[in-house]
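**Q** here is my input, please return the structure:
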Amino acid sequence: VPVSTDTGALDIDGGSATVNVDADLTAATSLAISNAATVELGSNVDLTALNGVLDVATGVTQIDLNGTPGTNNVIDGNGDALVQLGPVVDTSPDSMTVNSEGSIVLDTVDIDGTLNINVDNDDDDAETLTAESLSAATINVLGTSLNETLNFNGAATSTTGGVLIDNANTVNLGDGNTTDDVTAATTLDIQNVATEVQIDGNTDLAALNGALSIFNNVPQINLIGLAGTNNIIDGNGDALVQLAPLVDTSPDSVTVNSEGSVVLDTVDIDGTLNVNVDNGGSDDPESLTAKTLTAGTLDVQGTVGSTDDTHTFNGPVTTTTGGVEVSDAALVDFMPGADITSTGSVDVSGTNITVQDVMASDDIALNPGARLTQTAPNLFRPDGFLTLEDMTITSIGGDVILGPTSGFGSFPSVATIIASGDVTVTGNNVT
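**A** Below is the predicted model of the structure:
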């Protein structure tokens, strides 16, 4: 039989025993279930606090959703007050929806159904989600009006569907532990964030069979881990990985993998940037499209022997401590203005690679001890030649090596090679 109060609170003390709830509980103000070994919620049983705190955490060992498989339990807090839950499990595959007009604090959640979390669902204030490890078939976390703070202090894992995080001021992923990964069985989508998405040290993000997007209305992604840590962003299922501008608070590295294509906005980090395109070796044409890239070291790889993958650089490429390596694509396209500045060697290589547009007013500047190296055995433009036009290659204290290639075209008078070391040009037809 449903239980409700007309004017006051509803408090249940379990006395360290099991509390079985087989019908809805509704409190006019606050609702609390405390001091229970287990709080069992039956099929479609809902808990509602109409104007106060909803607390099923204090002294509660676990909450068990034990209804008929496929049912949904709704935990609904109102009055701009806190909703706080202890560890949640399910005996049968059940779903759970947690609503709050205020903030939400979740301990661990491990259920087989869908987990829906709605923070500040009356949209009248800046509220907070604080969650430990979450595991569910599908995870949807929604704030309102771009002013919520969403803190994920543990792993977030969807087992059959996707992970969606939407509408926040700041999204914080991980708290520095290596187990705080975000893994989606299908798609992973973080969108509509006012300030930034923060990723702590060694927190990895993965979409196992679908698109991975942290891009739509996201101003930046900030790697906030301790210096020297690495974050892996891993897309699978031949789907797109798309990222907002990427920065780091401390010198961090990031590896971006995709079985499909990769779209990068600007990147400005102090560690190494590794990008692996089409790393599943699909037969479909895949691509990297990038704006301005700045990193300690840059390594971009495609599929070995690729005949249809493309790497396109639409902005300057700069490395601050190491070199630039671009390899294994059918086409490497440096668009006008995509100047390369490296403190290490610049190596563009592959088994069958075309480099074009690097000659369109793009400068390659190498700092002391560095060199420009193009080592592809079949480096050619569509006409079989490589033309260095309106291009300046500068090596201070290092060598410039072009080739061996299938052929070179001409070096117009406006092309300049400046080197304090050796200049080596090899090919079958060099003018």
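**Q** would you put the C-alpha positions of stretch 323-333 in CSV?
**A** Provided in CSV are the C-alpha atoms of stretch 323-333 (Å, rounded to 0.1, in the frame of the first residue of the first chain):
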residue,chain,number,x,y,z
GLY,A,323,59.8,15.8,-33.6
VAL,A,324,56.9,15.4,-36.0
GLU,A,325,56.1,12.1,-37.6
VAL,A,326,53.3,11.6,-40.1
SER,A,327,53.0,8.1,-41.6
ASP,A,328,50.9,5.6,-43.5
ALA,A,329,48.2,7.4,-45.5
ALA,A,330,47.4,7.7,-49.2
LEU,A,331,47.5,11.5,-48.9
VAL,A,332,49.1,13.9,-46.5
ASP,A,333,47.6,17.3,-47.1
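**Q** and Ser135, what helix or strand is that in?
**A** With elements delineated by DSSP states H and E, Ser135 resides in strand 134-136, which encompasses its position.
**Q** just the buried residues of stretch 282-301, please?
**A** In terms of neighbour count (16 or more other CB atoms under 10 Å), stretch 282-301 has its buried residues at 282, 286-290, 292-301. C-beta coordinates here come from the backbone N, C-alpha and C atoms, glycine included.
**Q** ditto for stretch 197-216
**A** With burial defined by 16+ other CB under 10 Å, the residues of stretch 197-216 counted as buried are 197-208, 210-215.
**Q** is it true that Leu54 touches Thr26?
**A** No. Applying CB atoms under 8 Å, one finds Leu54 not in contact with Thr26, separated by 10.6 Å.
**Q** list residues touching both of these two?
**A** Taking CB atoms under 8 Å, 6 or more residues apart in numbering as the criterion, Leu54 and Thr26 both touch Thr48.
**Q** between these two, which is the more surrounded one?
**A** Neighbour totals were compared for Leu54 and Thr26, and Leu54 leads with 31 against 16 (other CB atoms under 10 Å).
**Q** look up how far Ser34 lies from that one.
**A** For Leu54, the distance to Ser34 (CB to CB, to the nearest Å) stands at 12 Å.
**Q** for the nearest residue to Asn118 once chain neighbours are set aside, list each beta-bridge partner.
**A** On the basis of CB to CB, 6 or more residues apart in numbering, the spatially nearest residue to Asn118 that is not a chain neighbour turns out to be Asn99, at 4.7 Å. Asn99 has the following beta-bridge partners by DSSP bridges: Asp76, Asn118.
**Q** what sits against Asn99?
**A** Taking CB under 8 Å, 6+ apart, one finds Val74, Ile75, Asp76, Gly77, Val83, Asn118, Asn121 in contact with Asn99.
**Q** over to Asn167?
**A** Asn167 touches Leu142, Gly143, Thr144, Ser145, Leu146, Glu148, Asn192, counting by CB under 8 Å, 6+ apart.
**Q** quick one, which of these has the minimum pLDDT?
**A** Within the set of the contacts of Asn167, pLDDT is lowest for Ser145 (88).
**Q** burial count for that residue?
**A** Each residue near Ser145 was counted by other CB under 10 Å, and the total is 15.
**Q** and what of Gly67?
**A** The criterion is other CB under 10 Å. On that basis, Gly67 has 23 neighbouring residues.
**Q** same check on Val1?
**A** Neighbouring residues of Val1 were enumerated by other CB under 10 Å; the total is 5.
**Q** distance of it from Ala194?
**A** With distances taken as CB to CB, Val1 is found 45 Å from Ala194.
**Q** same question, Gly77
**A** 24 Å.
**Q** for the strand or helix carrying Val263, what is the average pLDDT?
**A** Following DSSP H and E, the helix or strand that holds Val263 is strand 262-264. When pLDDT is averaged over strand 262-264, the result is 98.
**Q** next, count neighbours for Thr255.
**A** Residue neighbour count, defined by other CB under 10 Å, stands at 16 for Thr255.
**Q** host element of it?
**A** Going by DSSP H and E, Thr255 is part of strand 253-258.
**Q** okay, and Asn169 sits in which element?
**A** Counting by DSSP H and E, Asn169 is found in strand 163-173.
**Q** and that strand, how far out from the chain middle?
**A** The chain centroid and the centroid of strand 163-173 are separated by 11 Å under CA atoms, centre = their mean, to the nearest Å.
**Q** send the alpha carbons of it over as CSV?
**A** Below are the C-alpha coordinates for strand 163-173, written out as CSV (Å, rounded to 0.1, in the frame of the first residue of the first chain):
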residue,chain,number,x,y,z
VAL,A,163,26.8,7.2,-22.4
LEU,A,164,25.4,10.7,-22.8
ILE,A,165,26.5,13.7,-20.6
ASP,A,166,24.6,16.9,-21.5
ASN,A,167,24.1,20.4,-20.2
ALA,A,168,26.7,21.5,-17.6
ASN,A,169,29.0,24.3,-16.7
THR,A,170,31.9,21.9,-16.0
VAL,A,171,32.2,18.1,-16.4
ASN,A,172,35.0,16.5,-14.3
LEU,A,173,36.0,13.0,-15.3
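**Q** from the contacts of Asn99, which is closest to Asp238?
**A** Of all those, Asp238 sits closest to Asn118, with 32.6 Å by CB to CB.
**Q** quick one: least confident helix or strand in this protein?
**A** Counting by mean pLDDT, DSSP states H and E, the chain has its least confident helix or strand at strand 354-356, which shows a mean of 54.
**Q** please report how far the nearest residue to Asn217 once chain neighbours are set aside lies from Asp124.
**A** The shortest distance from Asn217 to any residue that is not its chain neighbour, by CB to CB, 6+ apart, is 4.6 Å, and that residue is Asn192. Applying CB to CB, the value for Asn192 to Asp124 is 18 Å.
**Q** what about those two, which has more around it?
**A** Neighbours around Asn192 and Asp124, counted as other CB under 10 Å, are more numerous at Asn192. The numbers are 15 against 12.
**Q** which SSE is the more buried one in?
**A** Under the criterion of DSSP H and E, Asn192 resides in strand 188-199.
**Q** quick one: that strand to chain centroid distance?
**A** With CA atoms, centre = their mean as the basis, strand 188-199 stands 9 Å off its chain's centre.
**Q** try stretch 48-64
**A** The chain centre lies 33 Å from the centre of stretch 48-64; the measure is CA atoms, centre = their mean.
**Q** could you number the chain from 156 rather than 1 from now on?
**A** Got it, the first residue is 156 from now on, which makes the last one we talked about stretch 203-219.
**Q** buried residues, it. List them.
**A** Taking 16+ other CB under 10 Å as the basis for neighbour counts, the residues of stretch 203-219 that come out buried are 203-205, 207-212, 215, 217-219.
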